[in-house]
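Visitor: no FASTA, just this:
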């Protein structure tokens, strides 16, 4: 980038930043955390509050129905001089349920915002929204349009982003504000949940040889799966993601110690990487289970796909994509590393990539805090994220947008 262009960008970034502050984005994040939005109560209350906040700023938001009255998206559109939208800022409004039924109100302690959803991911939502508000207050002219989506149901299958895309909405590229500690994430693993049902034959526990113990055979299957994974998955190491993984998460069977159990259900988490396929995963699981039960003609098994993760394919955005280079440059400007990273968890980038929209993940907060009973986020990172999103918008969509975002 030329020194003249860099100087102009700095001027355009500083101008809207003067129209907001760390204190203001902190207050916005606090308010979002204060409104419960887990799967049981839905996202509508926080979406409606945020729409009202933006309306006072002169930004008109649209509530988009997702599944029912309580699961909705909030969509904000800032058009540019050119048709269409170059950049999508995406984040989810929903959280996992709080650790107790009497959720505590958010608190600010030692430079941190504490409360359910602070990291995952209302801190990122606040940063994205405040970047748009600062642009609007400063009346910065955009050459290319920007979209913001505060989506529903990411924690329960990516429902909101899927509904947004099914409605025909599109952008050239996307930034997802999930917690990465402001690292540039260009790849994440896919998630596949499998259910393996082992069927035996029930009888009284006093004569176990007259039955077929499904739990005993399930134990052999679990051991076989773990031994197979330790030998084979390590050979498929991805440069950013490492090897795929397999973890047995639940095992359930039997009704009483006095009865030989006739069935047992194993649920498996399989994290997969680019280069693998869903069909391959299931064929390998069938082969391993068949081998573990070889010769046991009185034992049946069935492997089925769990609905929750059908959408979550691996994501690998090519490093040559202009969005990667542009956002990397933004990070360098504020003293952060531009090196592309991979993460083992899934995001709505899975949906975006399936609809042909290249996406990266970059947001405030630490994923280790997500879903924890003492969830918190560093307030400085929320403010840094605001600056990052603001400069990314200006570089990609602003009055002196870099050609093709490069």
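Guide: Arrived safely. These figures come from a predicted structure and were not determined experimentally.
Visitor: just the element for residue 70, please.
Guide: Using DSSP states H and E, residue 70 sits in no helix or strand.
Visitor: how about the secondary structure of the closest residue to it other than its chain neighbours?
Guide: Excluding the flanking residues, the one nearest residue 70 by CB to CB, 6 or more residues apart in numbering is residue 42, at 2.6 Å. The C-beta positions use only the backbone N, C-alpha and C, and glycine is treated the same way. Classification of residue 42 by DSSP: H, G, I helix; E, B strand; the rest coil places it in coil.
Visitor: which pLDDT value belongs to residue 42?
Guide: What the model reports as pLDDT for residue 42 is 93.
Visitor: try residue 62
Guide: 96.
Visitor: equivalent analysis for residue 334, please.
Guide: What the model reports as pLDDT for residue 334 is 89.
Visitor: the one 10 residues further on too?
Guide: According to the model's per-residue confidence, residue 344 sits at a pLDDT of 94.
Visitor: contacts only, for it.
Guide: 188, 189, 241, 242, 245, 271 (CB atoms under 8 Å, 6 or more residues apart in numbering).
Visitor: the fifth one contacts residue 271, correct?
Guide: Yes - applying CB atoms under 8 Å as the test, residue 245 and residue 271 come out as touching, 4.5 Å apart.
Visitor: overlap in contacts of the two?
Guide: In terms of CB under 8 Å, 6+ apart, residue 245 and residue 271 are both contacted by the residues 189, 344.
Visitor: these two: who's more crowded?
Guide: residue 271 (23 against 16; other CB atoms under 10 Å).
Visitor: next one: that one from residue 225, what distance?
Guide: 14 Å (CB to CB, to the nearest Å).
Visitor: can you pull the residues that touch both of those two?
Guide: Residues touching both residue 271 and residue 225 by CB under 8 Å, 6+ apart: residue 246.
Visitor: domains of the protein?
Guide: As given by automatic domain parsing, the domain ranges for the chain are 3-188+314-405, 190-309.
Visitor: coming back round to it: make TSV out of the contacts of residue 344 and add pLDDT and secondary structure.
Guide: Below are these laid out as TSV (pLDDT from 0 to 100; DSSP: H, G, I helix; E, B strand; the rest coil):
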residue	pLDDT	secondary structure
188	97	strand
189	97	coil
241	97	coil
242	97	strand
245	98	strand
271	97	strand
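Visitor: which one of those is nearest to residue 390?
Guide: Nearest to residue 390 among the contacts of residue 344 is residue 188, at 24.7 Å by CB to CB.
Visitor: contact partners for that closest one?
Guide: 241, 314, 315, 342, 343, 344, 345, 346, 347, 349, 361.
Visitor: spatially central residue for this structure, please.
Guide: Nearest residue to the geometric centre of the chain (CA atoms, centre = their mean): residue 347, 2.5 Å.
Visitor: wait, what's in contact with that one?
Guide: 154, 176, 178, 188, 315, 361.
Visitor: could you do residue 31 as well?
Guide: Here residue 31 is in contact with 49, 53 (CB under 8 Å, 6+ apart).
Visitor: which element, helix or strand, includes it?
Guide: In the assignment (DSSP H and E), residue 31 maps to helix 22-34.
Visitor: distance between that helix and the chain's centre?
Guide: Average the C-alpha atoms of helix 22-34, do the same for its chain, and the two points are 21 Å apart (CA atoms, centre = their mean, to the nearest Å).
Visitor: again with stretch 277-284
Guide: Centroid separation for stretch 277-284 versus its chain: 23 Å, with CA atoms, centre = their mean.
Visitor: which residues are in contact with it?
Guide: So stretch 277-284 is contacted by 192, 194, 228, 232, 270, 272, 303, 305, 313 (CB under 8 Å, 6+ apart).
Visitor: summarise which helices and strands whichever strand or helix holds the fourth one is packed against.
Guide: Assigned by DSSP H and E, residue 232 falls within helix 214-232. Helices and strands in packing contact with helix 214-232 are listed as strand 190-199, strand 245-253, strand 263-272, helix 278-292; criterion 3 or more CB pairs under 8 Å, 6 or more residues apart in numbering; DSSP states H and E.
Visitor: and these as TSV, adding distance to residue 130?
Guide: Converted to TSV, the helices and strands packed on helix 214-232 look like this (distance: least, CB to CB, whole Å):
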stretch	distance to residue 130
strand 190-199	31
strand 245-253	37
strand 263-272	34
helix 278-292	39
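Visitor: for residue 108, find the nearest of the ones you listed.
Guide: With CB to CB as the measure, strand 190-199 is the member of these nearest residue 108 (33.4 Å).
Visitor: averaged pLDDT, the closest one. What do you get?
Guide: 97.
Visitor: next secondary structure after that strand?
Guide: Later in the chain than strand 190-199, the nearest helix or strand by DSSP H and E is strand 203-204.
Visitor: can you tell me what sits against that following strand?
Guide: So strand 203-204 is contacted by 210, 211, 258, 259, 260 (CB under 8 Å, 6+ apart).
Visitor: what lines up beside that strand in the sheet?
Guide: According to DSSP bridges, strand 203-204 forms sheet pairs with strand 259-260 (antiparallel).
Visitor: hang on, the earlier thing: and the contacts of residue 344, which two are the farthest apart?
Guide: Top of the distance list for the contacts of residue 344 (CB to CB): 188 and 245, 12.9 Å.
Visitor: my guess is residue 156 meets residue 96, correct?
Guide: No - assessed by CB under 8 Å, residue 156 is found out of contact with residue 96, at 9.4 Å.
Visitor: so what's in contact with those two at the same time?
Guide: In contact with both residue 156 and residue 96: residue 39, using CB under 8 Å, 6+ apart.
Visitor: for the residue nearest to residue 70, grab the count of nearby residues.
Guide: By the criterion of other CB under 10 Å, residue 42 has 22 neighbours.
Visitor: state the distance from it to residue 71.
Guide: 5 Å.
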